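S.K.: Fold the following.
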Amino acid sequence: MADFTQLLRAKNFDELVGQEHLSSEVAPLRRLCEKFALGHSFFYGPAGTGKTSIARIIAKVMDLPFYEFNATSLKIDQLRKIFEQYKNALQKPLIFIDEVHRLAKNQQEILLPVMENNSVLIIGASTENPFFSLTSAIRSRSMLFELKHISNESLEKLLDRAIEYGALEMDAEAKEYLVASSGGDARAMLKLLEFASNLETTITIEMLKSLRPNALQAGSSEAGVHYDLISALIKSIRGSDENAAIYYLARLIEGGESADFIARRLVILASEDVGNANPQALTLTTSCLTSVSKIGYPEARIILSQAVVYLCASPKSNSSYLAINAALQAVKEGVLLDIPKSITQQNEGYLYPHDFGGYVDQDYLSQNLEFVELKDIGYEAKMKEWLQKIKHKD
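M.R.: Next up is the predicted model:
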């Protein structure tokens, strides 16, 4: 059984696919390695994009003994033995720690002395940005490199190498499905090819779909993906692109995102971005939040979809959002006005508007301040017109 993942693992920077910003001849990472000047580094990015391969390439280029650990099972005694072994050695080891964002505080603390005196080279990897979980002392002693999803073009090159190595046959349709369904994950692509090749040397799209019915995607619970997807959903709704919004909603749902979380964000958006241009949006999204909390998936997807499409089609205004932000900023900057006595509890000189047909001109602020600027959009245009009529303004 051919293990394509190991057989095709990049052995040098030139063989690495999809991370040219790290592996090209002019890339800072590669140049530092070749000058034997690379310091402690952390790599983060989606699964199957080459983080472990890069760590092994670094060890090979810099001619360093390589030790590989996973933070979830790492024991402090294991590290101490290596530190002791190389304490007076001329050659320092490279210690690679996967899932580095899971390092406990005591595990991080034991790394600090050797990072400080450079008696070892620490390389960490994670699918999440590890700088949020590492101490400031470790962050200040290291560099951070991000890996991207591998492009379909790069995956196709890697797939061609695997097909040639395994003496396999595969038509264009099967290749396209294998690449497209792997979601930029080289390991996932090669593993599916490996499973399929154990059945037949001629790989068909039907065979691939029987092994992987649905395309892979990063779960939205992974920090970076989580925030990117919800950000993309919000910005698509704000931009009234209903197709993009529904796509990102589907990505969130398939990624395992909570229906409650999505609905809460829609409620916020209804007020922040639609506002009084369509006040009904807040009512509908609040109803959506209540509904999905009672119903749950899979039916909640329909309710969320209705709310998303409604928000996309709604006129947009952020005037209320801007108004409260401006007022809060004024208060923070010390604009603290005396309340006119006429509208305090004493009611000294207060004019009751209903005694004057619904409106009477009087001071509600001791100094003229303007925060609210209604827009000529949707229902808000009517509100602006009403205020002008109420105050007898042309």
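S.K.: Please parse this protein into its domains.
M.R.: Structural domains assigned to the chain are 19-146, 152-211, 223-313, 335-373, following automatic domain parsing.
S.K.: would you list the ones you listed in JSON lines and tack on mean neighbour count and distance to Leu322?
M.R.: For the C-beta atoms, the positions are set from N, CA and C on the backbone; glycine is no exception. Shown next, in JSON lines, are those (neighbours: other Cβ atoms under 10 Å; distance: least, Cβ to Cβ, whole Å):
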{"stretch": "domain 19-146", "mean neighbour count": "17", "distance to Leu322": "31"}
{"stretch": "domain 152-211", "mean neighbour count": "17", "distance to Leu322": "38"}
{"stretch": "domain 223-313", "mean neighbour count": "18", "distance to Leu322": "10"}
{"stretch": "domain 335-373", "mean neighbour count": "11", "distance to Leu322": "7"}
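S.K.: mind checking which of those domains is nearest Gln6?
M.R.: domain 152-211 (9.2 Å; Cβ to Cβ).
S.K.: Kindly check the end-to-end length of stretch 269-288 for me.
M.R.: Chord length of stretch 269-288, first to last residue, is 13 Å (Cα to Cα, to the nearest Å).
S.K.: Now that stretch: average pLDDT?
M.R.: Mean pLDDT, computed over stretch 269-288, is 96.
S.K.: for stretch 358-370, same thing?
M.R.: Mean predicted confidence for stretch 358-370 is 89.
S.K.: Tell me how far that stretch lies from the chain's centre.
M.R.: Averaging C-alpha positions (Cα atoms, centre = their mean, to the nearest Å) puts stretch 358-370 46 Å from its chain's average.
S.K.: First-to-last residue distance for it?
M.R.: Counting by Cα to Cα, you get 22 Å between the two ends of stretch 358-370.
S.K.: neighbouring contacts of that stretch?
M.R.: The contact list for stretch 358-370, computed with Cβ atoms under 8 Å, 6 or more residues apart in numbering, reads 330, 335, 337-340, 342-343, 350-353, 390-392.
S.K.: Run through the strands of the chain in chain order.
M.R.: 41-44, 66-70, 94-98, 121-126, 143-146, 169-170, 202-203 (DSSP state E).
S.K.: Identify all contacting residues around the longest one.
M.R.: Applying Cβ under 8 Å, 6+ apart, the contact partners of strand 121-126 are 38-44, 51-52, 55, 58, 62, 64, 92-101, 103, 111, 114-115, 130, 142.
S.K.: if I pick Ala59, what's in contact with it?
M.R.: So Ala59 contacts Pro65, Phe66, Leu94, Phe96 (Cβ under 8 Å, 6+ apart).
S.K.: Restricted to helices, list the contacts of stretch 358-370.
M.R.: When DSSP state H defines the helices, the subset of these inside them is Ala330, Ile390.
S.K.: From the contacts of stretch 358-370, which shows the smallest pLDDT?
M.R.: Within these, His392 has the lowest pLDDT, namely 76.
S.K.: The residue nearest to that residue when sequence neighbours are not counted and Leu178: what is the separation?
M.R.: Leaving aside its chain neighbours, His392 sits nearest to Tyr359 (7.6 Å; criterion: Cβ to Cβ, 6 or more residues apart in numbering). From Tyr359 across to Leu178, the span is 70 Å (Cβ to Cβ, to the nearest Å).
S.K.: Over to Cys33?
M.R.: Distance from Cys33 to Leu178, by Cβ to Cβ: 32 Å.
S.K.: One more: Ser258?
M.R.: For Ser258, the distance to Leu178 - Cβ to Cβ - is 32 Å.
S.K.: And Leu328, by the same measure?
M.R.: In terms of Cβ to Cβ, Leu328 sits 53 Å off from Leu178.
S.K.: Tell me where the model's unsure across this protein.
M.R.: Segments of the chain classed as low confidence (criterion: pLDDT under 70) are 1-2, 215-226, 393-394.
S.K.: how about 50 then?
M.R.: 219-221, 223, 394 (pLDDT under 50).
S.K.: State the distance from Leu79 to Pro93.
M.R.: From Leu79 over to Pro93 the distance is 11 Å, taken as Cβ to Cβ.
S.K.: quick one, what contacts the nearest residue to Ala327 once chain neighbours are set aside?
M.R.: Of all residues not flanking Ala327 in the chain, Phe371 sits nearest, at 4.7 Å (Cβ to Cβ, 6+ apart). Phe371 makes contact with Leu322, Ala323, Ile324, Ala326, Ala327, Ala330, according to Cβ under 8 Å, 6+ apart.
S.K.: and if you look at Leu199?
M.R.: Leu199 is in contact with Met207, counting by Cβ under 8 Å, 6+ apart.
S.K.: Phi first, then psi, for it.
M.R.: For Leu199, the backbone dihedrals are phi -90, psi -50 (criterion: degrees, to the nearest 10).
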